[in-house]
Structure formats: C-alpha cells, structure tokens
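>>> sharing a sequence plus its predicted fold:
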Amino acid sequence: MAEAAIQAAARLNPNAGETHLARAQNLYWGYLDYNGALAELEIARQTLPNDFRVPLLMATIQRRRGQWEESTRSYEHAVELNPRNIETRMGIAINYMFLRRYADVRSALASALAVFPNDLDTRVWPAYVEFQETADTRPLHQMLDSIRATNPTPTLAIAKFWLACALAERDAAAAKNPLDAYSENSNLWGELLFSRSLLEGILARMTKDEGKARSAFVAARAEQQKVVQAQPNDSEAVALLGLIDAGLGRKEEALREGRRAVELLPVEKDVMDGIGLVANLAMIAAWVGDKDLAFEQLDRSIRLPSPLSYGGLKLFPWWDPLRGDPRFEKVLEQAKQPVALK
C-alpha cells in the first residue's frame, strides 16, 4: 500500500518535498534503509524547510547510526519548528538518557513538562530518571502512588514504570496489576526484551516458585517459537526466544539464539536496537552460567550508549546471577558515569 501510494504521488509531482519525505519514511520503516532515507530527507528539506517531520525523522535515523550530537541538534530543530510535539521533546531526553547525561535529561523533561504539564508519562519520567541514576525507588514509588490515587487502572504508558518499580523493589504482588495491562506479545521493556509470560516466569522465580516459573517459561517458549518460525530473521524475536530458553536452562540453544540475534542486527548497523541485543546476550549468558561471556557483553553494553543504567543493574532481579562477582561491581561503577563518545 505504501509503495503504491508513493509511486502515485511521484507520478503526479515527482519533485515535491512531500514525495521525498514519504519515500524517506518508507525506506526507514519498511526497509531499515537509513542511508537511502537520509538522502531523501536532504532533498525534502529543500522544499519543506519548515516541516518538523523532516528533522524529526533525521534525528531518529542519526541516533540509530550512532550520531548522537547530530541527532540531538536535529531534535532541537524539530522542536523549534513545532514546539507542541511531544515526540520531538522526548527524543532529546531519550538521547541524553542513553548517554547517561542525567542533568541534561532532567532539563529536557522540564521543557517537555512546561508544555505538557498533564501528560502522565512525562510526569513520571523525572522520578524514573532518579531511579536510573541513584537506584533510589522512593521518588518513583511516590509519584506512581499519586497517579494511582486518581488513575487506579494503569495505562500502558504508566504500567511500564509501575512494573519497573515493583521489580526493583522485589514486590511480586505489586507487579501483577501493571503486568495485567499487557497482552502476551507486548514488548514490555525499554531496557531488554520481555514478553508477558517471560516476566511471569521471572516473577515466579523471584519468589522461589520454580514450578510456576518453569510453567511460565514453557508457555512463553511455545508462543515465541511460532513467532520465530514465521519471522526467522527478526532479531528481537530470536533474542526473546534465547532469553526464554535460558530461563528453561537450555544453555546451547539459548546462547546460539542470543548470538544469532546480535548477528542479525549488529550495533554497527543500528546502535539503538543493536546494543539492546548485546545486553540481552549478556543476560542470557548470566542465566546459563557463562559469566565470562556475560561480563564481556555487559562491559561492551555499558561503555556504549544504551538504556542500561546504574539503578537497573543494581536492583532488577535478572542480573542476580552476576551479583557478588567483583566484575559486576566494576560494571556498576562504570554505569554511574556518562558515556564517553569517541
């Protein structure tokens, strides 16, 4: 449908900025062709100098290519063109979050809140950033309590924070309500890839209910195998299967799938998603007892821009197999520092 629409528009007005913008969007979303999309955006910018969608898509592509400073400038330009678009403002905050530049994250969030004071997702973010930087869940817990007082049923936007807080505090009962907000195939996390059944298994294991944990992992594997069979080259699908197999103790399969996911979408091709797959492989390795591989991949993840944080590493239960190892303490210390861009 998208191809047909673009071809029709090109026949009517091949040099129009809108046509080139549509081509760029299709190349980005449909083919992950970042170079081709940027080339189309450069042409579109000539005739659409005031269209915020052009620098917005540029910013998104630039950060996937690891061009963090250029990406932030593009987001800032998009904000100048359309100050009331929340995606552009949050894009700046997320860039700084990946770099662990938390003062800059707070500044970006304050600007967003000044324009969108009633947006619940944006209201929670400063408290979540505090958790990421300091491993203190209290501000996040308090903010969520205040929101739940008037919004007791979690939206998907709030459920992710509620779930994070409950997991960090090892409160399996509190995690049930936000988990119920998700369908099985939801991508539940920004830090790593989880399905609902997988998280149910993690929660059960956290409470030492191994029978329930195994049942959840088995159910998760049955569903995920179908996804991988239908999409064998989908890196996220393969990575998630690897994590499930790790939960079941299927060491060889889990490591093979984790490595395969990294090969399908290497960091060199896509920094944003690729680094998450590296962290996912570190978690798989930790779960199956290959600590050397786990620390090798975790060290790589924490030295590059990524969603991993000091708070998450210190408190989330999925890193428990690595605790007590001096190498993990070094990772935690590294996570306290901003990422040094080369």
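The structure has been received and is ready for your questions.
>>> and for stretch 54-71, what are the contacting residues?
Applying Cβ atoms under 8 Å, 6 or more residues apart in numbering, the contact partners of stretch 54-71 are 21, 24-25, 28, 34, 37-38, 41, 44-45, 48, 72, 74-75, 77-78, 81, 85, 87-88, 91, 95, 98-99, 270-273, 305, 341. In this view, the C-beta of every residue, glycine as well, is placed from N, C-alpha and C.
>>> how far is that stretch from where the chain is centred?
16 Å (Cα atoms, centre = their mean, to the nearest Å).
>>> still on that earlier bit, just the buried ones from the contacts of stretch 54-71?
Buried members of these, counted by 16 or more other Cβ atoms under 10 Å: 21, 24-25, 28, 34, 37-38, 41, 44-45, 48, 72, 74-75, 77-78, 81, 85, 88, 91, 95, 98-99, 270-273, 305.
>>> among these, which lie within helices?
Counted as lying in helices by DSSP state H, out of those, are 21, 24-25, 28, 34, 37-38, 41, 44-45, 72, 74-75, 77-78, 81, 88, 91, 95, 98, 271-273.
>>> per-residue pLDDT, the nearest residue to Lys336 once chain neighbours are set aside?
Distances taken as Cβ to Cβ, 6 or more residues apart in numbering place Tyr310 nearest to Lys336, at 5.1 Å, with adjacent residues excluded. For Tyr310, the pLDDT comes out at 98.
>>> dump the host helix or strand of Glu253 to CSV, keeping only the CA atoms.
According to DSSP states H and E, Glu253 maps onto helix 251-264. This file holds the C-alpha atoms of helix 251-264, laid out as CSV (Å, rounded to 0.1, in the frame of the first residue of the first chain):
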residue,chain,number,x,y,z
LYS,A,251,22.1,-23.5,27.5
GLU,A,252,23.3,-24.4,24.0
GLU,A,253,20.0,-23.2,22.3
ALA,A,254,19.9,-20.0,24.4
LEU,A,255,23.5,-19.0,23.6
ARG,A,256,23.0,-19.8,19.9
GLU,A,257,19.9,-17.7,19.7
GLY,A,258,21.4,-14.8,21.6
ARG,A,259,24.4,-14.7,19.3
ARG,A,260,22.2,-15.1,16.2
ALA,A,261,20.2,-12.1,17.3
VAL,A,262,23.3,-10.0,17.6
GLU,A,263,24.4,-11.1,14.1
LEU,A,264,21.1,-10.3,12.6
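>>> where does the prediction get shaky in the chain?
Along the chain, the model assigns pLDDT under 70 to residues 1-15, 183-193.
>>> elements contacting the longest helix along it?
For the chain, the longest helix by residue count, based on DSSP H, is helix 210-230. Where contact means 3 or more Cβ pairs under 8 Å, 6 or more residues apart in numbering; DSSP states H and E, helix 210-230 is packed against helix 196-206, helix 235-247.
>>> may I see the buried residues of that helix?
So, applying 16+ other Cβ under 10 Å, buried residues of helix 210-230: Ala213, Arg214, Ala216, Phe217, Ala219, Ala220, Arg221, Glu223, Gln224, Val227, Val228.
>>> same deal with stretch 301-316?
Per 16+ other Cβ under 10 Å, stretch 301-316 contains these buried residues: 301-302, 304-316.
>>> quick check: helices, which of those are part of them?
Going by DSSP H, the helices hold Ser301, Ile302, Tyr310, Gly311, Gly312, Leu313, Lys314, Leu315 from the buried residues of stretch 301-316.
>>> I'd assumed Gln132 was in contact with the fifth one.
Yes - counting by Cβ atoms under 8 Å, a contact exists between Gly312 and Gln132, whose distance comes to 6.6 Å.
>>> look up how far Ala149 lies from the residue nearest to Lys314 when sequence neighbours are not counted.
Nearest non-adjacent residue to Lys314, counting by Cβ to Cβ, 6+ apart: Ala135, 4.4 Å away. Distance of Ala135 to Ala149, given as Cβ to Cβ, to the nearest Å: 25 Å.
>>> which of those two has more neighbours?
Ala135 (18 against 8; other Cβ atoms under 10 Å).
>>> please name the residues that touch the more buried one.
Neighbours of Ala135 in contact, by Cβ under 8 Å, 6+ apart: Ala168, Tyr310, Gly311, Lys314, Leu315.
>>> ok, Thr153 next?
Residues counted as contacts of Thr153 (Cβ under 8 Å, 6+ apart) are Ala181.
>>> what about Ser107, how many residues nearby?
Considering only other Cβ under 10 Å, Ser107 is surrounded by 14 other residues.
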